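Student: my questions are about this predicted structure, shown below with the sequence.
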Amino acid sequence: MDLNLTASNCVGQNEVDLIMFMGQSNMAGRGTAAQAPAVAAGTAYEFRAISDPTQLYPLSEPFGENENNASGITEPGAKTGSMVSAFVNAYFGVVGRKVVAVSAAKGGSSITLWQPGGAYLNDAIARYNTAKNWLTSNGYTIKNKFMVWCQGETDGDNAMSGANYAIHINCMIDAMITTGLEKCYIVRIGNHRDNATLYDSIITVQTELCRTHSNMVLVSTKFAAMATAGLMKDQFHYTQAGYNAVGADAGINTAFHIMTKKEPCMYDLVSATMYFSYK
């Protein structure tokens, strides 16, 4: 996609975009941190809402490794390398505005555990509010605030119907929008490595909801290509090269939407067609 967009030199020094990275293990990251791209100084930061909500840290991998809340989202030692560094590199390259990223992902989590009033969503909302309040109290202006979501493999493993998944993801996203986020950018899940159709119902509903839900935007379908490309490390997770490719794809497509307010089109390997939104 030729965006014909470049990072603006007019972006305010204290303007930032606040991004929540949410979902299950393929958002949390099961890759190899040393193989993730470096993030240029001064372009992206991690706000550690749990382990140290007093400052910004230069973003690096493994992103979110210290963000463990015993009463909410926790998985000590599990985050080993994610798509986030590649995402913020691609995003900043187009938007030119500093990113403040917050980790809120939990491996193996069903969408049923991300419902209003539940521990995971309560924790994610608290992390968002802590980050927002710290930024505004310390002289930053938040230009855009949104979430990037990647989740659904567990629900596919459990044979959840597409209709049931749609109900639950709508409830989760609506709660986050009510909290103050502006959009949910979807990194669509890929296929089970050894059962290519196991996740079809979840993939289908994620695709269709992005065509109809006013606050959902599809920004990557590339996980669907990883099994064929040999970029899966086990039945469910990806190599760091896979995370890097998907993160960069999602980052540039999210930037395209932020800059143009138009939804990106992309090739959908599952349907063997180009994806276009109807919105």
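Tutor: Everything's here; your move. Residues are numbered from 1 along each chain as shown.
Student: apart from its chain neighbours, what residue comes closest to the most centrally placed residue in the chain?
Tutor: By CA atoms, centre = their mean, the mean C-alpha position of the chain lies nearest to Val148, the distance being 2.9 Å. Closest residue to Val148 apart from its sequence neighbours, by CB to CB, 6 or more residues apart in numbering: Tyr185 at 4.8 Å. C-beta coordinates here come from the backbone N, C-alpha and C atoms, glycine included.
Student: where's Ala245, which helix or strand?
Tutor: helix 240-260 (DSSP states H and E).
Student: and that helix, what does it pack onto?
Tutor: helix 84-95, strand 141-150, strand 184-187, strand 216-220, helix 226-229 (3 or more CB pairs under 8 Å, 6 or more residues apart in numbering; DSSP states H and E).
Student: may I see the buried residues of it?
Tutor: 240-258 (16 or more other CB atoms under 10 Å).
Student: what is the mean pLDDT for it?
Tutor: Computed over helix 240-260, the mean pLDDT rounds to 98.
Student: which residue ranges of the chain form helices?
Tutor: 25-28, 84-95, 119-137, 153-157, 162-179, 200-212, 226-229, 240-260 (DSSP state H).
Student: and of those helices, who's closest to Gly77?
Tutor: helix 25-28 (11.4 Å; CB to CB).
Student: now the angle from the helix holding Ala245 to helix 84-95?
Tutor: Per axes from the mean of the first three to the mean of the last three CA atoms, to 10 degrees, the angle that helix 240-260 makes with helix 84-95 is 30 degrees.
Student: can I get stretch 80-94 in PDB, CA atoms only?
Tutor: Provided in PDB are the C-alpha atoms of stretch 80-94 (Å, rounded to 0.1, in the frame of the first residue of the first chain):
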ATOM      1  CA  THR A  80       9.300 -13.200  25.500                       C
ATOM      2  CA  GLY A  81       9.000 -11.000  22.400                       C
ATOM      3  CA  SER A  82       6.000  -9.400  20.700                       C
ATOM      4  CA  MET A  83       4.700  -7.600  17.700                       C
ATOM      5  CA  VAL A  84       4.600  -4.300  19.500                       C
ATOM      6  CA  SER A  85       8.100  -3.000  18.700                       C
ATOM      7  CA  ALA A  86       7.500  -3.600  14.900                       C
ATOM      8  CA  PHE A  87       4.100  -2.000  15.200                       C
ATOM      9  CA  VAL A  88       5.300   1.200  16.800                       C
ATOM     10  CA  ASN A  89       8.200   1.600  14.400                       C
ATOM     11  CA  ALA A  90       5.900   1.400  11.400                       C
ATOM     12  CA  TYR A  91       3.300   3.600  13.100                       C
ATOM     13  CA  PHE A  92       5.700   6.300  14.000                       C
ATOM     14  CA  GLY A  93       7.200   6.300  10.600                       C
ATOM     15  CA  VAL A  94       3.900   7.500   9.100                       C
END
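Student: find out how far it is from the centre of the chain, if you would.
Tutor: 10 Å (CA atoms, centre = their mean, to the nearest Å).
Student: same question for stretch 254-267.
Tutor: 15 Å.
Student: got the contact list for that stretch?
Tutor: Applying CB atoms under 8 Å, 6 or more residues apart in numbering, the contact partners of stretch 254-267 are 1, 3, 5, 17, 87, 90-91, 93-95, 144, 146, 148, 183, 185, 210, 217-221, 249, 253, 273-277, 279.
Student: one more time with 6 Å
Tutor: With contact meaning CB atoms under 6 Å, 6 or more residues apart in numbering, stretch 254-267 is reached by 3, 5, 91, 94-95, 144, 185, 217, 219, 221, 253, 274-277.
Student: of the residues you listed, which pair is most distant in space?
Tutor: Asn144 and Met274 (26.6 Å).
Student: more neighbours: which of the two?
Tutor: Asn144 (17 against 9; other CB atoms under 10 Å).
Student: report the contact partners of that one.
Tutor: Asn144 neighbours (CB under 6 Å, 6+ apart): Asp17, Ile258.
Student: distance of it from Met27?
Tutor: Using CB to CB, to the nearest Å, one gets 19 Å for the distance from Asn144 to Met27.
Student: repeat that for Gln240.
Tutor: From Gln240 across to Met27, the span is 14 Å (CB to CB).
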